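Asks: would you be able to build a 3D model of this:
(chains A, B, C, D, E and F)
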Amino acid sequence: MTQTVIDDLKKSQILELLEQGKRVDGRALDEPRRLTVEINAIPKANGSARVRLGDTEAICGVKIQPDRPFPDMGDKGIFICTAELLPLSHPSVETGPPGPDVIELARVVDRGVRESHMVDVSQLVIQENKSVVGVFADIVVVDYDGNLFDACSYAATAAILNSKLPKWEMQDDIPSLVDGAETALPTTTIPVSITMAKIGNHIVVDPNSDEWASMDSRITITTDSDGNIVALQKGGKDGFTLDEIVKCGELSVKVGAQIRETLKRTGEDGQ
Amino acid sequence: MTQTVIDDLKKSQILELLEQGKRVDGRALDEPRRLTVEINAIPKANGSARVRLGDTEAICGVKIQPDRPFPDMGDKGIFICTAELLPLSHPSVETGPPGPDVIELARVVDRGVRESHMVDVSQLVIQENKSVVGVFADIVVVDYDGNLFDACSYAATAAILNSKLPKWEMQDDIPSLVDGAETALPTTTIPVSITMAKIGNHIVVDPNSDEWASMDSRITITTDSDGNIVALQKGGKDGFTLDEIVKCGELSVKVGAQIRETLKRTGEDGQ
Amino acid sequence: MTQTVIDDLKKSQILELLEQGKRVDGRALDEPRRLTVEINAIPKANGSARVRLGDTEAICGVKIQPDRPFPDMGDKGIFICTAELLPLSHPSVETGPPGPDVIELARVVDRGVRESHMVDVSQLVIQENKSVVGVFADIVVVDYDGNLFDACSYAATAAILNSKLPKWEMQDDIPSLVDGAETALPTTTIPVSITMAKIGNHIVVDPNSDEWASMDSRITITTDSDGNIVALQKGGKDGFTLDEIVKCGELSVKVGAQIRETLKRTGEDGQ
Amino acid sequence: MGGRESTMVLLDENGIRCDGRKIDEPRRILIKAGGLKNADGSAYIEFGENKILVGVYGPRDVHPKHMSNTDTGILRVRYHMEPFSVGERKNPAPSRREIEISKVIKEALLPAVILENFPRTAVDVFIEVLQADGGTRCAALSAASVALADAGIPMRDMVAACASGKAADTIILDVNNEEDQAGQADMPIGYMPTLEKITLLQLDGVLNPEEFKKCVETGIHGCEIVYDLQKKALNEKYFKNGGDK
Amino acid sequence: MGGRESTMVLLDENGIRCDGRKIDEPRRILIKAGGLKNADGSAYIEFGENKILVGVYGPRDVHPKHMSNTDTGILRVRYHMEPFSVGERKNPAPSRREIEISKVIKEALLPAVILENFPRTAVDVFIEVLQADGGTRCAALSAASVALADAGIPMRDMVAACASGKAADTIILDVNNEEDQAGQADMPIGYMPTLEKITLLQLDGVLNPEEFKKCVETGIHGCEIVYDLQKKALNEKYFKNGGDK
Amino acid sequence: MGGRESTMVLLDENGIRCDGRKIDEPRRILIKAGGLKNADGSAYIEFGENKILVGVYGPRDVHPKHMSNTDTGILRVRYHMEPFSVGERKNPAPSRREIEISKVIKEALLPAVILENFPRTAVDVFIEVLQADGGTRCAALSAASVALADAGIPMRDMVAACASGKAADTIILDVNNEEDQAGQADMPIGYMPTLEKITLLQLDGVLNPEEFKKCVETGIHGCEIVYDLQKKALNEKYFKNGGDK
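Replies: Numbers count the residues shown, from 1 in each chain, chains lettered A, B, ... in the order given. Take a look at the predicted model:
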């Protein structure tokens, strides 16, 4: 989108406030917006969560079903995470095949969860080389107020934490559902992505839509429960210094730990 | 398409005539146009018909070939009906993937035949759960003068009534054609769709293209040989009263019976 | 592309020269441009060649891998040749699905190689009806100066001549690679395509981009090592007389023999 | 009708259906006007286990321009199912079924919305099926009407929708998923109760003429129940809570 | 050439082909000018078991405009096969083969049609293969010429088309489906008999230079037979029947 | 990280990697400015077994016009892999991975190119991966910078790129394909050495905070090595050879 006069004015105002250490909505620079998580919003799915991060809202539904393994990956189940920006989420969203922004969103969210090894795919084998369990975490954005990376990531993580894994056994070479043998989906860690925007020389955590439109560059860093950094994506039209990157890494660990507590609590409530 | 000045004038004229109980082409309100059916127009297909309803013309070719059954439907063959508006049929038709109008057309024609259970899919099993017979009735429209729903439906019905079913037997796990063992495709009933347009407060049967462009709403009702209503689709930018719907139901049974006689005769001639 | 004023001027100049028996770049009418062939340009492919015909440049990479045979073709391997015009090859090339020109290019190049029976697909069977070897010769054009037909054809032929065929054996119903058992890909002949343009009443061999833009019609004729004509494609907005066609046939045999020597040498160097 | 035989008892000897309802009783219905921040109007409906979200934008400019109409505003409707909304994960590409339902719902809303005063503009209705359980098109249409009203689009009436059908040789109201799969007929109806006009009507199944009439009447009865809940939802948003959006 | 070995006798000791024809005899050909009501021009051809319908629209405005040419009219051709036209049901999506044939037929017609007087417009030729039996592109091209004439498009000549080929080491006229599958060469030719110009020429197969020349000559002979039938078809419509369309 | 277990020794007791390199040693790098005749600028890079060709066109008019910006030129990047560039033949359709990498490389180049003086125009960067061997995005970005300079596009600095990563619990420079598949982390970095700005940064894998910092520093070191080779390539074309293109 072309920068409009209004956007330019807004950016000046945001920058001016940042010079004084303030943000448009009163948050501290390292303060994410309020996160609310409603689990099991889609009861017919195997797991689901409806997440509101400020005024950005995303829903993730997890479907678990038998699938063929990928070639050379016969000893592992499948985990795939997708993301879609629904046209009701913002007036500028168009229907049709996803553009590069949405493809990047989906892939970054997917990598964050995947690289953390959250879902233990080695436990998702029905019969080696023949039939495995596929876990599909599909996320849709229903309201947009910036920072989709984190809202979608939290929706996926919360939905996975609360997913039930059905049991299948091979019968006549076909996976057959074993009734009443559901368990929790095996997970190993809780990945948390923290997105930071650079506006001028300031780094802010969890940018809202006005900050998103004003930023020079952004970085999304995902950490796991052990405080390791497991995935990262830089974006935007400017760069970062080495010091800024290191600082963002530290912020992602610190703020990530707070968010992780919130997500962990939904898992405990849910199970 | 935007309503043009000409269209508006035409509509006024059509309405004026209807107030006097008359139609532009002299037909009674409940009178369909002349229906002519040429069977076996495509001799290499397993069945075919070329149908002219007034100046609307459609060709249906039926291809019958072994196929895999749908999951959980291993004891039934497959019946699929498609419809396509060829670009030579009218100057406004564009090439490319079908738009919503054509998708609706194809689905309504398909449902009319399918819901009547005309094709007895339970007799189309080669080996249960493994191999079944697929019946594909593909319809193309070659000349347009309104009411494609009925022209396409009659083309499909006539082609199916005159289709020969080859015989396959499993050999080495592969369906193998048995020469000279053709029978008639098993059918149970003759569905007939009747499309009615509401123009002002008048209901007319089988609208031609001028009436089609002038209508406020339309309804397509399919009946079977027993006089049951088996499928229905309302369309257009206005609604119907309950009384109008009931009247349309009655018209569909009455006019449908006339059309059924014509279609039945092609079946007897053909076999 | 619309003929521009510049194109019209260029065409006049080209025609004027041709009346004197000359071409814009000084070549004789039956003289192709300089052909240089770099083999094994893509070492990780099973075979490859980078070909420069004047300033037109194309790269062909051959990938060889197990595949399922086509139905009713269980005793033959698969040979498929594709061609793509990369957007860096010319300012007018657009990204996106290939248009009719590129589809024709790919199909003509494919047919030239296929109809010559160059690749001996009968030797590419791993287990009859079950598993065969697929040979994919994918060509990309990286610089455009007219006559893609021949540049792509030579790239494919040179790459195939220099391809190594891995060996597979069935193991547990799956084709399994046999290490260190590579042989030359079996070939039977060397097809050579010669493209000629008709400009006014003159026939020129291997038209460059200016000649291409000025031609009235064109013909591509492929001959094999025995001097037979094995494939032909006429194109362009004008026609040919019978005499012209016969003359083009003769030219394709004569000039083709020269090109074949160049291509053959790469094969000998390579193996 | 899927045509699958079933051993399920769709209607027991006491006239009670497989989910405990009486023959003329709709499933549990919850309608909420508003809810989305960015959309000009929105609504959420739970209709049995169906969960559907609708957002409306407009009247707004049309891109590309040649799709606009210089005489009137146009209505555009997209009915879309989430991958997780159905039993087996749905492929994200729009299906032919979704395209047809989008068109049918659009033509069910057209008699209600008044777009003549907004030439060259479009009103966009985006329907998102979060969870499907039989009867999504009726639930979607009912929610879309509320979302259009919430967006302040002028309307002649609201369209309420409910399916009727036939199972165990009985005409029933509000066909659920099991009854749709194993039953004999499913007839979704959209109705403007004040104007007494049927704006959506489809039928799959087999009905004799008397059953046909009864089925339409039964569906209209259901629409009237839904209509009251639609008005209640708007009331709650605009009057009970003081009219803030 | 499909390259399938075959035990079929393509040519017997008396020089009779598998379908009973002599080596220089075309299949049964029926051409009809007109037939469609909406199209500006149309034609129908039966060529052996091929059945092809062609409709022409234009000259008419081009959408999108940037595809038009300010100096001349343009010709657009679509060759399309019905799903039921071939042995195994054809997938409805346009194949690469259909796109190539569309282009080849367009370039075969371009030398004949005179579009210079219709700048910014397009003439659209829609070819529908209802039943295919080998040689569709020639039959289609012949019918397209008649449909263009029927539409009143000015033409320098008509393009007549017929294939020649080689089977059982013999050059034959009008290759049928079996001969195309099991034979040695197939050469479709399009020809303007009055102007003596070849406008379509393709070859798949193996021919030595003498055979090549003979094959082209044989094909031209076939085109001349077709040309007479094209003229007869137009004659029948415009003169025998009093010129009504 | 593919997550495939491997019995390969990624780092031996002498600190030597599976391909014979030391931990801070990049693979063999060859950069050539120019090479294509039609492109306004071009470059070719070999980075280990990666072989990548880049062509640049522009600044030039944008079609369709509504995609242009009246205030500034725009940058468009397409990263594309040839079907034969990878182990198993790649499907020619653009993958989601290619679309993402195109975007990431574009945003890595944006801080470097100065497009403000070319409103309404576009600079197009076409990246063609002829052979891939791990680290294509870094090699592509490095080559794209050289091609942009070769096209005469004004730039604040050149972007050099190299990956660092972790294998056998050690931070290493320039992860190769085996190390990417079997290793613990891969971190592609794009860097403007003169402006000291990181313009591309991604990470897949697991690093603790100290490793993270060391990994970024290692990558920057690699970028500086590449930067010298980029300047050398331009030097060779424009000065050593007398400046002819």
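
Asks: D:Ile45 reaches D:Leu141, doesn't it?
Replies: No: checked against CB atoms under 8 Å, the pair D:Ile45 and D:Leu141 is beyond contact range at 9.7 Å. For glycine as for every other residue, the C-beta is placed from the backbone atoms N, C-alpha and C.

Asks: of the two, who's got more company?
Replies: Taking other CB atoms under 10 Å in any protein chain shown, D:Ile45 and D:Leu141 do not tie; D:Leu141 has more neighbours (34 against 27).

Asks: surely the more buried one forms part of a strand?
Replies: No: secondary structure of D:Leu141 (DSSP: H, G, I helix; E, B strand; the rest coil): helix, not part of a strand.

Asks: quick one: contacts for it?
Replies: For D:Leu141, the contact set (CB atoms under 8 Å, 6 or more residues apart in numbering or on different chains) comprises D:105, D:108-109, D:159, D:161, D:190, D:200.

Asks: what sits closest to it if chain neighbours are left out?
Replies: D:Ala161 (4.1 Å; CB to CB, 6 or more residues apart in numbering or on different chains).

Asks: and that neighbour, how many residues sit next to it?
Replies: Neighbours of D:Ala161 (other CB under 10 Å): 29.

Asks: whichever strand or helix holds D:His80 pairs with which strands, parallel or anti?
Replies: Assessed by DSSP states H and E, D:His80 sits inside strand D:74-81. Strand D:74-81 has its sheet partners listed here by DSSP bridges as strand D:121-131 (parallel).

Asks: ignoring the adjacent residues along the chain, who's closest to residue 47?
Replies: All of this is about chain A. Closest to A:Gly47 by CB to CB, 6+ apart is A:Ser163, at 2.7 Å.

Asks: actually it's chain D I care about, not the one you picked
Replies: D:Ala139 (3.7 Å).

Asks: so how far is D:Pro26 from the closest residue to D:Asp133 other than its chain neighbours?
Replies: Using CB to CB, 6+ apart and skipping the chain neighbours, the partner closest in space to D:Asp133 is D:Glu49 (3.5 Å). D:Glu49 is 13 Å from D:Pro26, where distance means CB to CB, to the nearest Å.

Asks: which of those two has more residues huddled nearby?
Replies: Applying other CB under 10 Å to D:Glu49 and D:Pro26 shows that D:Pro26 carries more neighbours, namely 22 against 18.

Asks: can I assume that one is in contact with D:Ala160?
Replies: No: in this structure, D:Pro26 is not within contact of D:Ala160 by CB under 8 Å, at 11.1 Å.

Asks: need the residues touching each of those two.
Replies: With CB under 8 Å, 6+ apart, D:Pro26 and D:Ala160 have common neighbours D:Val226.

Asks: how about D:Glu107, what does it touch?
Replies: By CB under 8 Å, 6+ apart, the neighbours of D:Glu107 are B:217, B:234-237, D:199-200.

Asks: any idea how far A:Asn40 is from the residue nearest to D:Phe47?
Replies: Distance from D:Ala139 to A:Asn40, by CB to CB: 20 Å.

Asks: residue ranges with poor pLDDT in the chain?
Replies: Picked chain A for this. Residue ranges of chain A with pLDDT under 70: A:1-4, A:269-271.

Asks: wait, I meant chain D there
Replies: D:1-7, D:241-245.

Asks: residues contacting residue 23?
Replies: In the absence of a named chain, chain A is used. A:14, A:17, A:29, A:204, A:211 are the contacts of A:Arg23 under CB under 8 Å, 6+ apart.

Asks: ah, I was thinking of chain D
Replies: Contacts of D:Ile23 by CB under 8 Å, 6+ apart are D:11, D:15, D:17, D:170-173.

Asks: what sits opposite the residue nearest to D:Leu141 in the beta ladder?
Replies: So, taking DSSP bridges as the rule, D:Ala161 has D:Gly190 as bridge partners.

Asks: and it, how far is that from chain E?
Replies: With the distance defined as CB to the nearest CB, to the nearest Å, D:Ala161 ends up 33 Å from chain E.

Asks: now residue 205. Its backbone dihedrals?
Replies: No chain in the question, so chain A it is. Note on A:Val205: its backbone torsions stand at phi -90, psi 140 [degrees, to the nearest 10].

Asks: that one: neighbouring residues, count only.
Replies: 23.

Asks: need the contact list for the nearest residue to it once chain neighbours are set aside.
Replies: In space, and not counting its chain neighbours, A:Val205 is closest to A:Asp30: 4.9 Å by CB to CB, 6+ apart. Contacts for A:Asp30 (CB under 8 Å, 6+ apart) come out as A:204-205, A:251, A:254-255.

Asks: just say helix, strand or coil for A:Asp30.
Replies: Looking at A:Asp30 with three-state DSSP, the answer is coil.

Asks: and the gap between A:Ser48 and D:Gly135?
Replies: 21 Å.

Asks: secondary structure class for A:Thr262?
Replies: Per three-state DSSP, A:Thr262 ends up helix.

Asks: correct me, but it touches A:Leu35?
Replies: Yes: counting by CB under 8 Å, A:Leu35 is a contact partner of A:Thr262 at 5.5 Å.

Asks: what's opposite A:Phe240 in the beta bridge?
Replies: F:Ile198.

Asks: if you could redo that for D:Asp186, that was the one I meant.
Replies: Bridge pairing for D:Asp186 - DSSP bridges - gives D:Gly165, D:Asp204.

Asks: next up, the contacts around it.
Replies: So D:Asp186 contacts D:1, D:163, D:165, D:175, D:179-180, D:203-205 (CB under 8 Å, 6+ apart).

Asks: what of D:Asn235?
Replies: Per CB under 8 Å, 6+ apart, neighbours of D:Asn235: none.

Asks: how much space separates it from chain C?
Replies: 52 Å.

Asks: wasn't that residue part of a helix?
Replies: Yes: when classified by three-state DSSP, D:Asn235 is found to be part of a helix.

Asks: please tell me how far it sits from D:Ala149.
Replies: Distance from D:Asn235 to D:Ala149, by CB to CB: 11 Å.

Asks: can you give me the helices in chain A?
Replies: Counting by DSSP state H, the segments of chain A that form helices are A:5-19, A:100-115, A:148-161, A:209-214, A:242-270.

Asks: no, scratch that, I was asking about chain D
Replies: D:96-109, D:136-150, D:177-182, D:209-235.

Asks: out of those helices, flag the one nearest B:Gln65.
Replies: B:Gln65 lies closest, by CB to CB, to one member of the helices of chain D: helix D:96-109, at 21.8 Å.

Asks: near chain B, which residues of chain D are found?
Replies: D:1, D:3-4, D:69-71, D:96-97, D:99-100, D:102-104, D:107-108, D:110-111, D:187, D:192, D:195-209, D:212-213, D:216-217, D:220 (CB under 8 Å from any CB of the partner chain).

Asks: if you set the cut-off to 6 Å instead, what comes out?
Replies: D:69, D:96, D:99-100, D:103, D:107, D:110-111, D:197-199, D:201-204, D:206-209, D:212-213, D:216 (CB under 6 Å from any CB of the partner chain).

Asks: buried ones among those?
Replies: D:69, D:96, D:99-100, D:103, D:107, D:110-111, D:197-199, D:201-204, D:206-207, D:209, D:212-213, D:216 (16 or more other CB atoms under 10 Å in any protein chain shown).

Asks: who has more neighbours, D:Ala139 and A:Asn40?
Replies: D:Ala139 (31 against 17).
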